[in-house]
Every structure is written in structure tokens, then in C-alpha cells.
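Engineer: sequence first, then the predicted structure, then my questions.
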Amino acid sequence: MPETTPSQTVGPYLHIGLPWADGPFAAAEGTPGGLWLRGTLYDGAGAPVTDGLIETWQADPNGRFAHPADPRGAVPYPGFRAFGRCPTDATGQYAIHTLKPGPVPGPAGPQAPHIDVSVFARGMLHRVVTRIYFPEEEAANAADPVLASVPEGQPRQSLIAHSTGDGYQFDIYLQGENETAFFDI
Amino acid sequence: MTTSEQSAASSAATGLHVPGYIRDHEVHPPLDYPGYRSTALRHPKRPLTLLPHMLTEVTNPVLGQDRVGETDHDLTRQHAEEPQGQRIIVHGQVRDSDGTPIPHTLVEIWQANAGGRYRHTGDNWPCPLDPNFTGVGRTLTDAEGRYRFITIRPGAYPWRNHDNAWRPAHIHFSLFGRAFTQRLVSQMYFPGDPLFFQDPMWNSIPDPKARERLVARFDYANTVPEWALAFEWDIVLRGQEQTPFEDTEAEDDE
Ligand SMILES: [Fe+3]
């Protein structure tokens, strides 16, 4: 049995290798239901992290995945890649154009609509993973087993995005009193 | 921005189990590692919450040939002339920890030039850029999970982490595998590098045997006469958990 390869940091020069011209477009421009997911990545001193990379992965609006591991069948959704990748800019901000995911079945019933997020940066020897939930999904969020497993109060609240004019805001705090809840993936 | 709750509710009403992936924390560096100073303000201090692997975690983007350009695997052919430095072939296989090859998965690399300088606005140490070298590559693994790049051997470079700090020569690798859980970014090193002892990236990996798994093997058999040295580096991503329930679970939701 081969043993796994250890993680290493993306380092300070990830910008030459990882960004894609169409990276921020998990949903192609003009796809009906398209929205912008925006946020700022902060370090433990409250300073924006200007050399990070955000990746998102999610279900389509019907809660399905165009992937062979989805036992309901891999069904593509027009204009939708479901994966977004965006480096943080000089102000620490990222922006991903996507669609709102539908509820996703879990072992004990439906999970609330959510987006899985990976954060990479210089100074991080391994990615960290969090999840984005939606503010208008109060009932579904209240019944979501993953949200329920996150400590109540600020940590759980840190996973709920805020509505904006054209989508949602989701800031990520790597450390500090506003620290985002991260998952052992 | 309303959810199509009715359509999804029918498929989401019953439980859906999918096999999860092994957790291999002991292999990876800690997020808080004082030897690498930049980790100080960039690691969460609260305990992580265990995320069971469900549909979102066991899937990931199926990326095709459209992500890869004609010369993306050959970093020596991306400009008018060839870059300076020692031409090398870097190849290997991407597998699961259960030994299964991972075919048709995207492998992305980036690296410094032969002198150790990146084509990046933030890299300004006194070493010339090479007009014929960008230092970025992409390829898909083949049906047997194999990848192959042609590039030049990168140089070591200084950084300001500690007194007289130098990074051992390395190539950055980014891998998707076939599940969100398998996403991995790492670095490939070269055998016998004298700089390992003082490198916090290297030393941050707790198990010395695991560090060695980041070192490519000099591959004389695949070295091409009169043309290029070969190095072989296999990459192993987390495999699926083996559970006695696996066989019945997959059918549950039909
Ligand atoms: Fe580097």
C-alpha cells in the first residue's frame, strides 16, 4: 500500500502557475441564475491576505454533480463547471461567478445548499477547508447536520454568507476573534 | 435566488451514503509551524470540525483536454528559443493510497528558472530572468495515471525566513485527483540536495520517511542520450476508506 504524498505550501509565487483566465467563472457569464460570490481573506492581524487562492466546489441548482461518484448519475448542467478558482487581489478580495446550489442528499437526509471552499496561501503548509451556507435558507440550515456540528454562536455564524445586490459576501478569517470555522476534511 | 426545493427534495429525502476517503493527517505538515514564520498569522487557532465525506466531498471537477494547451507539458518549447539550464524529463504516476492509478486528472506545475528566479513581480532577487522560460506547465495523466513534463532543472533561491535561508531546488505541483478530498498542492525535490537541513518546508513534515516521498528518483533508464536527464516522481493521493458496508451502501438511493 503506497503512503500518501505530504502537502507543501503554494508559496509566494502561486500566481504564475495556478490562476486560469476563466477560473472565477464556475458558471459562464450570462448563465441564468448567475451570481457573484465575493469576499476578503484576512490573516490573524486583520490584514488582507493578498497572495492567497480561493477554490470553490459545489452542486448544481438541482443538487447534482457531473461526476461519476454521484450515484444518481453524472448530469452536466449547461454553462456550469461547478468549480471556481480565484487568486486574492491587492486588497485580499476574491470573486467567483456561480449559481446557487440546490440541497444535496446526505446519509441522514438532505443537507442545506452549500459550497465547499479551499484556501491556499503562502504561510499555509496545507490548505484549509470551509463551507459557505446561504442566509435565506434558515429552515434548511437549522436542519443541516454539518452546521449543527460546528460550535454554536460566532463559529457557526461564520459559515453563513451575507446577501448583496448581485450575490453573496463571504469573508474568510484565517485566525482571530472572527476566525472562520474550518473543517477537518 | 430561490432554491428549486421541490425538485431536489425528492432526491434528497432518503439517505444517501457514499464511501469516504482515508484521513492521513499524520503525513502532512502542521498549519502552525514556528520554523516557517509566515504560518504565525495564517493558521486557525480553533480546533477543526470533523467533516464527514458526503457527495460534495467525494466529487470534484472533471477537467478535460481543453484545459491543456499544445506545449503546456513542455516548458522548453513555450518561447522562440530554448531556456538556459539543464534539460530534464520529470515523469511519474498518480495513484490512490490503495494503489489504483488515477487516469485523466489534471497536473499543474510552476517553478523557478535555472538560476532560481520566478517570472513573478514579487521575485526581485539579483538573478536574471530568462526570456525563454515562463516556468508553468500543465498536463493530464494518461489512462494509467502517468504524467510527463519536459523542463529545465530549477535553481535554489534565497528567501528571508531566517538568516541565510535558501529553498532547495523544487517544482511546485498541484493535483486534483477525482474527489474534493484528494486535492493536493506539494513540491517535488531533487535527490541529494544539500539545503534540506535548513529548510522549514522540508522539516515541517513530521515523519522523515514522509519527507523522502517528496524527492524524485534519478531515472537513468529514461534518461535520453544526448538530450535530457530523467527524474521520476510518483504522487499518492488519499484512497477510499474500506468499510464492510461499502457494497450495499452504493445502491441505497436508487
Ligand atoms: Fe518555490
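Structural biologist: Yep, that arrived.
Engineer: so B:Leu175 versus A:His162, what's the distance?
Structural biologist: Taking Cβ to Cβ, to the nearest Å as the measure, B:Leu175 falls 33 Å from A:His162. Backbone N, C-alpha and C define where each C-beta goes, glycine included.
Engineer: please say which of those two ends up with more neighbours.
Structural biologist: Each of B:Leu175 and A:His162 has its neighbours counted (other Cβ atoms under 10 Å in any protein chain shown); B:Leu175 has more, 20 against 12.
Engineer: so which residue is dead centre in chain A?
Structural biologist: Residue closest to the average C-alpha location in chain A (Cα atoms, centre = their mean): A:Val117, at 2.7 Å.
Engineer: show me the contacts for that one.
Structural biologist: A:54-56, A:129-132, A:170, A:172 (Cβ atoms under 8 Å, 6 or more residues apart in numbering or on different chains).
Engineer: now, which of these lie close to chain B?
Structural biologist: Near chain B, judged by Cβ under 8 Å from any Cβ of the partner chain, the entries from those are A:55, A:129, A:131.
Engineer: check which helix or strand the last one maps to.
Structural biologist: Yep, that's A:Arg131 we're talking about. Element membership for A:Arg131 (DSSP states H and E) is strand A:128-133.
Engineer: tell me what the following helix or strand past that strand is packed against?
Structural biologist: Sequence-wise, the next helix or strand downstream of strand A:128-133 (DSSP H and E) is helix A:138-142. For helix A:138-142, the contact count by 3 or more Cβ pairs under 8 Å, 6 or more residues apart in numbering or on different chains; DSSP states H and E identifies no helix or strand as a packing neighbour.
Engineer: for helix A:138-142, which positions count as buried?
Structural biologist: A:140-141 (16 or more other Cβ atoms under 10 Å in any protein chain shown).
Engineer: and whichever helix or strand comes after it with chain B, contact?
Structural biologist: Using DSSP H and E, the helix or strand that follows helix A:138-142 towards the C-terminus is helix A:145-149. Yes - Helix A:145-149 is in contact with chain B by Cβ under 8 Å from any Cβ, via A:146, A:149.
Engineer: and residue 87, its phi and psi?
Structural biologist: Unless you meant another one, I'm taking chain A. Dihedral angles of A:Pro87 (phi, psi; degrees, to the nearest 10) stand at phi -70, psi 150.
Engineer: looking at chain B here, not the other one
Structural biologist: phi -70, psi 130.
Engineer: report the beta-bridge partners for it.
Structural biologist: Beta-bridge pairing of B:Arg87, defined through DSSP bridges, involves B:Ile152.
Engineer: just checking, it touches B:Ala228?
Structural biologist: Yes - B:Arg87 is in contact with B:Ala228 according to Cβ atoms under 8 Å; the separation is 4.3 Å.
Engineer: identify the contacts common to those two.
Structural biologist: Each of B:Ile150 lies in contact with both B:Arg87 and B:Ala228 under the rule Cβ under 8 Å, 6+ apart.
Engineer: show me the contacts for residue 106.
Structural biologist: This is for chain A. Contacts of A:Gly106 were listed using Cβ under 8 Å, 6+ apart, and they are A:145, B:12, B:15-16, B:54-55.
Engineer: you answered for a different chain; I wanted chain B.
Structural biologist: Going by Cβ under 8 Å, 6+ apart, B:Leu106 touches B:63, B:67-68, B:138-140, B:175-176.
Engineer: now swap in A:Ala143 and tell me
Structural biologist: Contacts of A:Ala143 by Cβ under 8 Å, 6+ apart are A:109-110, A:112.
Engineer: what's the local residue count around residue 99?
Structural biologist: Went with chain A since none was named. Quick note: A:Leu99 (other Cβ under 10 Å) scores 21 neighbours.
Engineer: my question was about chain B
Structural biologist: 10.
Engineer: now do B:Leu129
Structural biologist: Neighbours of B:Leu129 (other Cβ under 10 Å): 14.
Engineer: that one against B:Gly116, yeah?
Structural biologist: No - with contact defined as Cβ under 8 Å, B:Leu129 does not count as touching B:Gly116 (11.1 Å).
Engineer: all helices of chain A, in order?
Structural biologist: A:14-17, A:138-142, A:145-149, A:154-157 (DSSP state H).
Engineer: B:Pro154 touches B:Asn113, doesn't it?
Structural biologist: Yes - contact criterion Cβ under 8 Å: B:Pro154 and B:Asn113 qualify, at 6.8 Å.
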